[in-house]
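Student: Model the following, please.
(one chain, ligands or ions: 1)
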Amino acid sequence: MKDKPTVALITGASSGIGEGVAWRLARDPGTRLILVARRGDRLRELARRLPCEATWVAADLTEPDAPGRLLAHAEEHHPPLNLLVNNAGASWRSTFADGGHANVRRTMEINFDAVLRLTEVFLPMLRSAAPSSIVNIASTAGRISRAGAGAYSASKYALIGWSDGLHLEEAPNGVHVGLVLPGYIETEGFPASELTSNPLTRWMVSDTSKAAEAVYETAVLGKAERYVPRPYGLVAVLKVIAPSLIRRAMSGGAGKLATTSTGADAAEKAEKTRT
Ligand SMILES: NC(=O)c1ccc[n+]([C@@H]2O[C@H](COP(=O)([O-])OP(=O)(O)OC[C@H]3O[C@@H](n4cnc5c(N)ncnc54)[C@H](OP(=O)(O)O)[C@@H]3O)[C@@H](O)[C@H]2O)c1
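Tutor: Numbering: from 1, shown residues only. Got it, this is the predicted structure:
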């Protein structure tokens, strides 16, 4: 993919990591982008400001007709895609006892099912444009779980497992499948304010430009997976070689601090207060 202009669809481009990826890809000559999220006003403004050709589609990716609409848009307005960045995602913090299957289901719908449905409709196009790439934004939470974030971890563990299989299936067709596993990145959806407000934990939180660079390396340079920041990979190693240690570390105060509140929680709370 290194030597040809990128034609990419980025989901969740209206904020955070997805927006950062759009700015990073736009730096390369000839890049063309399709920006996707629910907030069309944000996408319109981003498309106007980016230094590359960009169109946008406002879509809720959990809606049944979203993948078909996006494919029709890509076929009408762009050359065949050679990069799909599955980035849109969310987390509602809740224990299983409180949130139950319903919370797991809504999390899987956006973080896992929507990714599969979109990838399914774009796979023939990505094969036709090979060499091409799919980059799935997982999470360090896809290696390590925390109390109150089991639904989120389930969705990201699933995404990682499926991505690894898909890579092996599609590599012979010239479609690279890579993973980016962010730790804490300060965004609207994951503000990590519990960590950023404390000088002792501020260092744990990174920014969207680092995540965007990791997406670029995974997509264009063909990396298998990238942790952001890189040292978070060590935590994943520890989970494999010393699971009891990780369980001990994640119980008690440290575990509570690690389960930061999310933008989806705040939006839900605001909605409840309104009604
Ligand atoms: N930031 C972190 O610390 C962190 C760590 C690990 C993994 N991640 C992953 O990184 C990805 C991006 O998150 P972020 O941190 O950049 O958060 P963010 O700023 O909240 O971005 C999430 C994006 O997903 C879009 N989105 C959410 N639900 C959608 C839906 N139903 N249909 C279409 N678009 C939807 C949102 O746009 P609209 O609201 O406009 O639809 C937004 O653009 C997620 O997959 C997240 O799990 C983040």
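Student: what sits against S261?
Tutor: Residues counted as contacts of S261 (CB atoms under 8 Å, 6 or more residues apart in numbering) are R93, P191, S193, E194. Just so you know, the C-beta spots here come from the backbone N, C-alpha and C atoms, and that holds for glycine as well.
Student: same check, this time on L257
Tutor: E194, L195, T201.
Student: hmm, back to that, mind picking the one among the contacts of S261 that's closest to the ligand?
Tutor: Nearest to the ligand among these: P191, at 8.4 Å, using CB to the nearest ligand atom.
Student: Kindly give the local confidence score, pLDDT, for that closest one.
Tutor: Listed pLDDT for P191 reads 95.
Student: quick one: contacts for it?
Tutor: Taking CB under 8 Å, 6+ apart, one finds T260, S261, T262, G263 in contact with P191.
Student: and if you look at G178?
Tutor: G178 neighbours (CB under 8 Å, 6+ apart): 133-136, 163, 167, 218-219, 222-226.
Student: What about these, which are in helices?
Tutor: Those of the contacts of G178 mapping onto helices are S163, H167, T218, A219, per DSSP state H.
Student: What about those, which one has the most neighbours?
Tutor: Counting neighbours by other CB atoms under 10 Å, A219 comes out on top of the ones in helices among the contacts of G178 with 27 neighbours.
Student: Can I get the contacts of G178 in a markdown table including pLDDT?
Tutor: Listed next are the contacts of G178 as a markdown table, based on pLDDT from 0 to 100:
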| residue | pLDDT |
| --- | --- |
| S133 | 98 |
| I134 | 98 |
| V135 | 98 |
| N136 | 98 |
| S163 | 98 |
| H167 | 98 |
| T218 | 97 |
| A219 | 96 |
| G222 | 93 |
| K223 | 94 |
| A224 | 96 |
| E225 | 96 |
| R226 | 97 |
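Student: And those residues, which is closest to the ligand?
Tutor: N136 (8.7 Å).
Student: How many residues are close by the closest one?
Tutor: Neighbours of N136 (other CB under 10 Å): 29.
Student: what pairs with it across the strands?
Tutor: N86, L179 (DSSP bridges).
Student: Stretch 34-43: end-to-end distance?
Tutor: End-to-end distance of stretch 34-43 (CA to CA, to the nearest Å): 10 Å.
Student: meant to ask about stretch 165-175
Tutor: End to end - CA to CA - stretch 165-175 spans 12 Å.
Student: For it, could you pull out the residues that count as buried?
Tutor: L166, H167, E170, G174, V175 (16 or more other CB atoms under 10 Å).
Student: just stretch 247-262 next, same as before
Tutor: In stretch 247-262, counting by 16+ other CB under 10 Å, buried: M250, G255, A258, T259, T260, S261, T262.
Student: Double-check the third one against G252; I have them as touching.
Tutor: Spelled out, that is A258. No: counting by CB atoms under 8 Å, G252 is not a contact partner of A258; they are 10.5 Å apart.
Student: Format the contacts of G178 as TSV; extra columns: distance to the ligand.
Tutor: Converted to TSV, these look like this (distance: CB to the nearest ligand atom, whole Å):
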residue	distance to the ligand
S133	17
I134	14
V135	11
N136	9
S163	13
H167	18
T218	13
A219	15
G222	21
K223	17
A224	17
E225	13
R226	12
